[in-house]
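Engineer: from the sequence below, what's the structure:
(chains A and B)
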Protein chains: 2
Amino acid sequence: MNKCAVVQHILKAYSKEPKREQGTFFAPSNIALCKYWGKRDTELNLPHTSSLSISLGNLGAKTTIALEQALKDRISINGKEVDEDSIFSKNLSHFLDLFRPLNSVFFRVATEVNIPIGAGLASSACGFAAVVGALDQLYGWELPLSLLSILGRLGSGSASRSFWHGFVEWQAGHDADGMDSAGACLESVWPALRIGVLIVDSEQKKLSSRIAMQNTVLTSPFYKIWPEKQARDLKDLKKAIEKQDFMALGETTESNALAMHALMLTTSPPILYSQASTLEAIDKIWHYRQLGLPLYFTQDAGPNLKLLFLEKDEEAIIKIFPKLIVVSPFNIGAFQC
Amino acid sequence: MNKCAVVQHILKAYSKEPKREQGTFFAPSNIALCKYWGKRDTELNLPHTSSLSISLGNLGAKTTIALEQALKDRISINGKEVDEDSIFSKNLSHFLDLFRPLNSVFFRVATEVNIPIGAGLASSACGFAAVVGALDQLYGWELPLSLLSILGRLGSGSASRSFWHGFVEWQAGHDADGMDSAGACLESVWPALRIGVLIVDSEQKKLSSRIAMQNTVLTSPFYKIWPEKQARDLKDLKKAIEKQDFMALGETTESNALAMHALMLTTSPPILYSQASTLEAIDKIWHYRQLGLPLYFTQDAGPNLKLLFLEKDEEAIIKIFPKLIVVSPFNIGAFQC
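Structural biologist: Numbering: from 1, shown residues only, chains lettered A, B, ... in the order given. A predicted model of the protein is given here:
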């Protein structure tokens, strides 16, 4: 099944005419505590395993979409027009193709992003989620978030988790068309939880996670154990969240990330996102943890780390990592799952 | 079964009186191309999987053993007496206990080691092998090397591979007493092969490989796949050696080492022997390989790397790594398996 068929299936009963002048939607960025690594369907971004993330509160993408009179999409980020020949523009226009009622319909897409670009903060996840949400507003579909999640997933797998605040589980699902593969939020709130973004290198990643995860699925001899590991970690994380057991949350999150990077090491050719500065930071984290500081990390498809800690240790941790960007995931006003 | 019973079984028919004033034996150090990681029997050092190494030619340990009149062992390394209360002395005396015809018999053990100590060059492997060989000479047992290999294994698993030059396979075996778990040399010679020892950090390792591998066996979710990976790599390495296919040798060796370190990353608590300088060296190796230089690495339970390359590229590689210690494994006079 292809993306287009999925979109048509979801939107078949809905209006093809805008309900408003423009639609606006904010989607928070999200950091996976239990990772998404490996697709069972590369067209629909259907994962082999379920995953679990924490959204980054007010950090994310706010997108406004309106119809555009010109015969092409007009795309801007943070007020700056993006060149139509850039890969970014082409990817987004290609995604928008799924939603044009007619080939002659074009969009003006203005996105405000308040996260550091290229820091491995899943800007594509919140970006695609915000686009889908803005289209929903523009056309007045009023789709449930679970369906927006499915539409966002077609742009980027982890976008499926960017439609909620707090903890979000993306259930892998079983169906070939992916209609059961969507995000859902957990009810737990944990106001004392902090995420620290530690940028050790701001260069763009060398290998896209799309290609990296595909190579892992195809060549890592350990990949067949990954679903087992994921199922156990997901269960342990949900229990840790329910009990607000920070040590269990941190240990499982760190172990899950290390296992994902272990899979990459055993991919052929090997994939190594860590840099010297990454290892230095990990050494430091482990050193202070041994001294009694409850501090854990996770790492995605890049050299930067995301730290997990509690409000009470924020001051001490900023002294250790002065450039840390600290996020309070639940500092978002009223939380409703 | 305990070590003592194995030694008694092997030596039961042999003399308990020295045949000579002293016995001397040289054992080369060895570097595993297909790693030994995980024991099925921690008392007898019986491995879960077979492994394959290359011996380091004239680099190794030469040990001379004689009876000692004093009421304790006297141990020296490179002419310098070792304190009897040191861990080194205690371990060696404990190993020698297995070979005392009477509790009142003590040994004078003088070892000359010509490899950098603590560089991850398996000094314990060649050390235990040389001790066993020297005892064989002292008592005139004239045991076949396969039995010396079993005795050496009781001191340190990888010592079982240090009784031959060239490529050596340590067959895991199946028997509970380990009488089928011994080294055996491969007939292939490959004079152009070079091993480069790249010391990026000369500090002692933080965690002994004995404890590290045991924790891996007990806690890594990926360990159950390790035997499969090992069996395939061992087969591929033997084929590469037979065909003198350097690229296949290098790729399989590197992949095997990365898989072992991936196992460690997924151990609980995680084990990370790499340091920032290790990653910098790996980046450099991969960079030059991408430019066409056939250069590969392996890594053991420490931060240092061992490079694999061919004689023809030696000059270029020394320019890249000026401090590299280059070893010619087959530069040992007549080779006989």
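Engineer: show the average pLDDT along stretch A:10-20.
Structural biologist: Across stretch A:10-20, the average pLDDT comes to 93.
Engineer: quickly find the element holding residue A:110.
Structural biologist: Secondary structure from DSSP states H and E places residue A:110 in strand A:106-113.
Engineer: tell me which parts of chain A are close to chain B?
Structural biologist: A:221-222, A:224-225, A:228-229, A:232, A:254-255, A:258-259, A:261-263, A:265-266, A:268, A:270, A:272, A:274-280, A:282-283 (C-beta under 8 Å from any C-beta of the partner chain). Quick note: C-beta positions are derived from backbone N, CA and C, even for glycine.
Engineer: just checking, which of those belong to helices?
Structural biologist: The members of the residues of chain A next to chain B that map onto helices under DSSP state H are A:228-229, A:232, A:254-255, A:258-259, A:261-263, A:265, A:276-280, A:282-283.
Engineer: emit the PyMOL select command for whichever of the residues you listed are buried.
Structural biologist: Buried residues among these (16 or more other C-beta atoms under 10 Å in any protein chain shown), as a PyMOL selection:
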select buried, chain A and resi 229+254+255+258+259+261+262+263+265+276+277+278+279+282
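Engineer: ok, whatever residue of the stretch 51-200 of chain A ends up closest to chain B - contacts?
Structural biologist: Per C-beta to the nearest C-beta, residue A:200 is where the stretch 51-200 of chain A lies closest to chain B, at 10.6 Å. Contacts here follow C-beta atoms under 8 Å, 6 or more residues apart in numbering or on different chains; on that basis residue A:200 touches A:275, A:277, A:278, A:280, A:281, A:303, A:304, A:305.
Engineer: who touches stretch A:64-76?
Structural biologist: Residues from elsewhere that reach stretch A:64-76, judged by C-beta under 8 Å, 6+ apart: A:18, A:21-24, A:81-82, A:84, A:88-89, A:92-93, A:96, A:104-111, A:131, A:134-135, A:137-138.
Engineer: for the helix or strand following the strand holding residue A:110, name the packing helices and strands.
Structural biologist: Using DSSP H and E, the next helix or strand after strand A:106-113 towards the C-terminus is helix A:123-139. If you count contacts as 3 or more C-beta pairs under 8 Å, 6 or more residues apart in numbering or on different chains; DSSP states H and E, helix A:123-139 packs onto strand A:22-34, strand A:51-68, helix A:87-96, strand A:106-113, helix A:145-155.
Engineer: tabulate those in TSV, adding columns for mean neighbour count and distance to residue B:159.
Structural biologist: TSV is the format used below for the helices and strands packed on helix A:123-139 (neighbours: other C-beta atoms under 10 Å in any protein chain shown; distance: least, C-beta to C-beta, whole Å):
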stretch	mean neighbour count	distance to residue B:159
strand A:22-34	24	42
strand A:51-68	23	45
helix A:87-96	16	55
strand A:106-113	20	59
helix A:145-155	24	55
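Engineer: point out where the stretch 101-250 of chain A drops to low pLDDT.
Structural biologist: Counting by pLDDT under 70, the stretch 101-250 of chain A has low-confidence residues at A:117-122, A:204-205.
Engineer: now the strand holding residue A:110, how far from the centre of its chain.
Structural biologist: Computed by C-alpha atoms, centre = their mean, to the nearest Å, the chain-centroid distance of strand A:106-113 equals 19 Å.
Engineer: how about stretch A:161-172?
Structural biologist: From the chain centre to the centre of stretch A:161-172 is a distance of 9 Å (C-alpha atoms, centre = their mean).
Engineer: swap in stretch A:197-216?
Structural biologist: Computed by C-alpha atoms, centre = their mean, the separation of stretch A:197-216 from the middle of its chain amounts to 13 Å.
Engineer: try stretch A:51-59
Structural biologist: Chain-centre distance of stretch A:51-59: 8 Å, with C-alpha atoms, centre = their mean.
Engineer: average model confidence for that stretch?
Structural biologist: Across stretch A:51-59, pLDDT averages out at 96.
Engineer: now do it: everything it contacts.
Structural biologist: A:28-36, A:114-115, A:121, A:158, A:161-162, A:164-170, A:172, A:193, A:195, A:230, A:234, A:237-238, A:327-332.
Engineer: distance of the closest residue to residue A:127 other than its chain neighbours relative to residue A:170?
Structural biologist: Excluding the flanking residues, the one nearest residue A:127 by C-beta to C-beta, 6 or more residues apart in numbering or on different chains is residue A:61, at 4.9 Å. Distance of residue A:61 to residue A:170, given as C-beta to C-beta, to the nearest Å: 18 Å.
Engineer: next one: residue A:94
Structural biologist: Plainly put, residue A:94 is 23 Å away from residue A:170 if you go by C-beta to C-beta.
Engineer: ok, now residue A:287?
Structural biologist: Applying C-beta to C-beta, the value for residue A:287 to residue A:170 is 34 Å.
Engineer: out of these two, which sits in the more crowded spot?
Structural biologist: Neighbours were counted for residue A:287 and for residue A:170 using other C-beta atoms under 10 Å in any protein chain shown; residue A:170 has more, 26 against 12.
Engineer: partner residues bridging the more buried one?
Structural biologist: Bridge pairing for residue A:170 (DSSP bridges) gives the partners residue A:51, residue A:183.
Engineer: was I right about it contacting residue A:180?
Structural biologist: No. Judged on C-beta atoms under 8 Å, residue A:170 makes no contact with residue A:180 at a distance of 11.2 Å.
Engineer: host element of the closest residue to residue A:147 other than its chain neighbours?
Structural biologist: Counting by C-beta to C-beta, 6+ apart, residue A:10 is the residue found nearest to residue A:147 once chain neighbours are left out, at 5.6 Å. Assigned by DSSP H and E, residue A:10 falls within helix A:3-11.
Engineer: could you dump that helix to CSV, C-alpha only?
Structural biologist: Listed next in CSV are the C-alpha coordinates belonging to helix A:3-11 (Å, rounded to 0.1, in the frame of the first residue of the first chain):
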residue,chain,number,x,y,z
LYS,A,3,1.0,6.7,1.3
CYS,A,4,-1.4,8.3,-1.1
ALA,A,5,-4.0,5.4,-0.6
VAL,A,6,-3.7,5.8,3.2
VAL,A,7,-4.3,9.6,3.0
GLN,A,8,-7.3,9.1,0.7
HIS,A,9,-8.7,6.5,2.9
ILE,A,10,-8.5,8.8,6.0
LEU,A,11,-9.8,11.9,4.2
